[in-house]
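Asks: The amino acid sequence is not available; the structure is as follows:
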Ligand code: KG4
Ligand code: ZN
C-alpha cells in the first residue's frame with residue numbers, strides 16, 4: 001500500500017468526450033470535459049471523427065485541467081488513461097498521450113477499466129458506499145449489475161444479453177425523430193408526459209440478466225401502426241410516448257435490481273453510468289430506498305456521463321496498490337477487468 005502524497009492526471013477518451021482530471025490524495029482538483037458536437041448531425045458517434053476530435057481537444061483539455069487544479073505538469077506523480085472498453089481509435093489518442101507524458105516526466109503509467117471507473121465515481125464525494133455494495137451500471141454500451149467487493153474486485157452478476165439500456169433510449173429517440181444523443185431528450189420530454197399512456201411488450205430473461213432488443217422492436221411496431229392511422233401521431237403524443245418508454249425501461253432495470261438485492265441480501269445499492277443521469281431512474285431509486293429499506297447512492301450529474309474524474313478516482317486506488325503498466329501497454333476495446 002502506497003501512502004505517499006500523490007497527484008495524478010487522468011485522461012478519458014473512450015467514446016466522444018475528451019476529458020482530463022487531476023486528483024490529489026483522493027481529492028478531485030479539476031475535471032474538464034469537452035463533448036464532441038460533430039456527431040449530432042450524423043445521428044450517432046462516427047468513430048473516425050471521434051478520434052480526430054480527440055486529437056484536437058486533448059492538449060487544451062489537459063492544460064485546462066492543470067490550470068483549474070492550479071498545478072504544473074512537473075507536480076504530477078502518475079498519469080492514467082482509459083484502456084477500454086471503447087472505440088479503438090478514440091482510446092488510442094488518450095493512451096498515446098498518457099504514455100508520452102509518462103516517458104517524458106518519468107512517472108508511472110496507470111491503465112483504467114472504464115466500466116470499473118463508472119462504479120468508482122461513487123468515491124469522489126460523500127456519502128460513499130461501504131463494501132460490499134451493488135451497482136447498477138447503465139451506459140450507452142453496457143447494462144450490468146455489479147457486486148462491488150472492493151475498489152479493485154468487482155463481479156458482474158447480471159448483464160444485458162443484447163442491447164444496452166442507453167442504446168434503447170437513443171434508438172427510441174431516433175424513432176421519434178429526436179437528435180442524437182436522444183437519452184437526455186427522452187428524459188426531458190417524459191417529465192410532462194403520462195408514463196401509463198402506452199404499454200410495450202418485452203422479452204423476459206432468466207435470472208439477473210437483461211434484454212432490450214424485444215422492447216425496441218415493440219416500440220418500432222407500435223409507432224408504425226399508429227402512424228399508419230394518424231401521420232402526426234408522434235408530434236401529438238410525444239411527451240406521453242417518451243414517458244411510457246422511459247417508465248418501461250426503468251421498470252426493467254429496477255425489477256432485476258430488486259431481485260439482486262433479494263438474492264445477495266446486500267442493502268447498499270448504487271447507480272452509475274450515463275443513464276444514471278436519468279431523472280426518472282433517480283427518483284425511482286429514491287422511492288426504492290424508502291420502500292425496501294435500502295441505502296441508495298446516486299452520483300452527482302457530472303460524474304454520471306463519461307468524465308476523467310472517475311478515471312482519476314480509479315487510478316488513485318490503483319496507485320495505492322502499486323498497480324502500474326509498462327510502456328508496452330495499449331488500448332483494449334473489449335477490456336473486461338471484472339472477476
Ligand atoms: O456513460 P456514458 O456517458 O457513455 C458510455 O460509456 O456509453 O453513457 C451514455 C449513454 C447514452 O446512451 C445517453 O443517451 C445516456 O447515457 N444518457 C441518458 C441520460 N443522459 C445520458 N439516458 C437517459 N436519460 C438521461 N438523462
Ligand atoms: Zn461510460
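Replies: Perfect, thanks for sending it. Just so it is clear, the model here is predicted, and its values are computed rather than measured. Ligands and ions are numbered 1, 2, ... in the order given.
Asks: Verify the contact between residue 166 and residue 274 for me.
Replies: Yes: under the criterion of Cβ atoms under 8 Å, residue 166 makes contact with residue 274 at 5.5 Å. All C-beta spots, glycine's among them, are computed from the backbone N, C-alpha and C.
Asks: Touching both of those two, which residues are there?
Replies: Common contacts of residue 166 and residue 274 (Cβ atoms under 8 Å, 6 or more residues apart in numbering): 138-140, 183.
Asks: Please identify, among those residues, the one with the most neighbours.
Replies: In terms of neighbour count, residue 138 stands highest of those at 29 neighbours, by other Cβ atoms under 10 Å.
Asks: Disregarding residues adjacent in the polypeptide, which is nearest to that one?
Replies: Leaving aside its sequence neighbours, residue 138 sits nearest to residue 275 (Cβ to Cβ, 6 or more residues apart in numbering; 3.7 Å).
Asks: Now do the end-to-end distance for stretch 41-50.
Replies: End-to-end span of stretch 41-50 (Cα to Cα, to the nearest Å): 13 Å.
Asks: all strands of this protein, in order?
Replies: Counting by DSSP state E, one finds strands in the chain at the ranges 7-12, 17-24, 27-35, 78-84, 109-113, 133-138, 143-150, 153-159, 268-272, 295-297.
Asks: Redo these as CSV? Include mean pLDDT.
Replies: Listed next are the strands of the chain as CSV, based on pLDDT from 0 to 100:
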stretch, mean pLDDT
strand 7-12, 98
strand 17-24, 98
strand 27-35, 97
strand 78-84, 98
strand 109-113, 98
strand 133-138, 98
strand 143-150, 98
strand 153-159, 98
strand 268-272, 98
strand 295-297, 98
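Asks: could you dump those strands to CSV with distance to ligand 2?
Replies: Output for these, formatted as CSV (distance: least, Cβ to the ion, whole Å):
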stretch, distance to ligand 2
strand 7-12, 8
strand 17-24, 9
strand 27-35, 12
strand 78-84, 9
strand 109-113, 11
strand 133-138, 9
strand 143-150, 12
strand 153-159, 15
strand 268-272, 9
strand 295-297, 17
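Asks: Could you export those as JSON lines, including distance to ligand 1?
Replies: Shown next, in JSON lines, are the strands of the chain (distance: least, Cβ to the nearest ligand atom, whole Å):
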{"stretch": "strand 7-12", "distance to ligand 1": "10"}
{"stretch": "strand 17-24", "distance to ligand 1": "7"}
{"stretch": "strand 27-35", "distance to ligand 1": "10"}
{"stretch": "strand 78-84", "distance to ligand 1": "10"}
{"stretch": "strand 109-113", "distance to ligand 1": "12"}
{"stretch": "strand 133-138", "distance to ligand 1": "7"}
{"stretch": "strand 143-150", "distance to ligand 1": "10"}
{"stretch": "strand 153-159", "distance to ligand 1": "14"}
{"stretch": "strand 268-272", "distance to ligand 1": "8"}
{"stretch": "strand 295-297", "distance to ligand 1": "16"}
